[in-house]
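**Q** return a 3D structure for these sequence lines:
(chains A, B and C)
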Amino acid sequence: MPELPEVETVVRDLRPVLIGRVFLGVSHGELKLRHAWNPDWNRFIIGSKVHSIERRAKWIVIDLGAPGTVLVHLGMTGQLTTQPADSPMADHVHLCFQCDAGMDLRYRDIRRFGGAEFHAGPNGWKERLKQAGLGPEPWDMKKSDWLAALAGSRRPIKSILLDQRVLVGLGNIYADESLFQARIHPLRLGSSLQPNECGRLLASACSVLDRAIASRGSTIRDYVGGSGLRGGYQESLAVYGREGMDCGACAGTVVRQVISGRSAHFCPSCQPIEPGGSGSGHVVP
DNA sequence: ATGCAGTCCTGTAAGC
DNA sequence: TGCTTACAGGACTGCA
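**A** Modelled structure (predicted):
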């Protein structure tokens, strides 16, 4: 599942091979994507050169200079990779940008929760993302804003971490890992967190994301980087996907509980529901 | 205003 | 063995 580290890895993989390439054509499938490609955009794309590739939240931003910008969201199973133009087309490839030098940029997405959009002009894409109401990158989050956001919310902290309007980049995997590293129970309400816990949680999120990026992200099922390589951070996960297994930090066992419709993985011993709990008992909410 | 449940989508795996 | 069902979750919609 592409979260911030996976998207960052795709961007870093694509940069050296895609910057400077010129799009010669675009082909797309019939199936509907969440972010469907409009064929009217082809005329902006064809003949345009890739100036830069950046990441904002979980979006890939491909800057084509004056014509505009391509935004790609990987959704859950999206893959954006470069391949030789004569390589066989895999199943579920919905979009293919033909580049010069015999190279394709292909978008493959099994569950079709992602897709690509084109936004004309220098600021079109910024308006699009502004409309999404994205919060700051975790490393740019101001401590005072973070404290205020948590203090003013009576939602479970797990839900808050997944809300991209508060903070971008975390998905289910890294939200669980961040909460474990900060030793905070996912059901704790935002307003119940003490300032030191808030600070610890933000620092944990940044640190988990940093380490995941260094490992090229986590490949749980479908994720691959821009070069087609899998990630490695799944080997370092402390709680996600480890239901029923030993907690690596204590004698407890990792449990799974549905919170806000998503699986939350945590160690009830290391992450007590009672603030300041010592871990002496397994608290069942 | 706020938070939650439902929805999309398909491959995988568990269960009968 | 073959079928059915549950599950995975990012981001959006609609409801209470």
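**Q** give me the nearest residue to the one residue in the stretch 51-200 of chain A that gets nearest to DNA strand C, chain neighbours excluded.
**A** In the stretch 51-200 of chain A, the residue that lies nearest DNA strand C is A:G171 (2.8 Å; Cβ to the nearest atom of the strand). Using the backbone N, CA and C atoms, a C-beta is placed for each residue, glycine as well. Closest residue in space to A:G171, ignoring its immediate chain neighbours: A:E3 at 3.7 Å, by Cβ to Cβ, 6 or more residues apart in numbering.
**Q** OK, contacts around the one you found?
**A** The contact partners of A:E3, taken as Cβ atoms under 8 Å, 6 or more residues apart in numbering, are A:58, A:169-171, A:173-174, A:217.
**Q** how about a cut-off of 10 Å?
**A** A:E3 makes contact with A:58, A:74, A:168-175, A:209, A:212, A:217-218, A:223 under the criterion Cβ atoms under 10 Å, 6 or more residues apart in numbering.
**Q** report pLDDT for it.
**A** Looking at A:E3, its pLDDT reads 90.
**Q** top helix in chain A by residue count?
**A** Using DSSP state H, we find that the single longest helix of chain A is helix A:195-214.
**Q** phi first, then psi, for the closest residue to A:P195 other than its chain neighbours.
**A** Nearest in space to A:P195, with sequence neighbours left out and distances taken as Cβ to Cβ, 6+ apart, is A:L147 at 6.0 Å. Taking degrees, to the nearest 10, you get phi -60, psi -40 for the backbone angles of A:L147.
**Q** is it true that A:L147 touches A:G199?
**A** Yes: using Cβ atoms under 10 Å, A:L147 is in contact with A:G199, at 8.1 Å.
**Q** which neighbours do these two share?
**A** Counting by Cβ under 10 Å, 6+ apart, the residues touching both A:L147 and A:G199 are A:L193.
**Q** follow-up on the earlier one: okay, the residue of the stretch 51-200 of chain A closest to DNA strand C and DNA strand B: tell me how far apart.
**A** 14 Å (Cβ to the nearest atom of the strand, to the nearest Å).
**Q** same thing with A:T9?
**A** 22 Å.
**Q** measure how buried that residue is and give me the count.
**A** 27 (other Cβ atoms under 10 Å).
**Q** what's the helix or strand for it?
**A** Following DSSP states H and E, one finds A:T9 within helix A:4-18.
**Q** quick one: that helix near DNA strand C?
**A** No: counting by Cβ under 7 Å from any atom of the strand, DNA strand C is not contacted by helix A:4-18; separation bottoms out at 8.9 Å.
**Q** next, the angle helix A:195-214 makes with that helix.
**A** Here helix A:4-18 runs at an angle of 30 degrees relative to helix A:195-214 (axes from the mean of the first three to the mean of the last three Cα atoms, to 10 degrees).
**Q** so which bits of helix A:4-18 are buried?
**A** Neighbour-count burial for helix A:4-18, counted by 16 or more other Cβ atoms under 10 Å, picks out A:4-14, A:17-18.
**Q** tell me the gap between that helix and the middle of its chain.
**A** 12 Å (Cα atoms, centre = their mean, to the nearest Å).
**Q** pLDDT score assigned to A:P285?
**A** On the pLDDT scale, A:P285 is placed at 37.
**Q** next one: A:V72
**A** For A:V72, the model assigns a pLDDT of 94.
**Q** next, it: phi, psi?
**A** phi -120, psi 130.
**Q** ok so, going back, please flag which of the contacts of A:E3 sit within helices.
**A** Going by DSSP H, the helices hold A:172-175, A:209, A:212 from those.
**Q** nearest to A:G241, out of the residues you listed: which one, please.
**A** A:I173 (8.0 Å; Cβ to Cβ).
**Q** so what's that closest one up against?
**A** Taking Cβ under 10 Å, 6+ apart, one finds A:1, A:3, A:5-6, A:208, A:212, A:217-218, A:220, A:233-234, A:237, A:239-241, A:265 in contact with A:I173.
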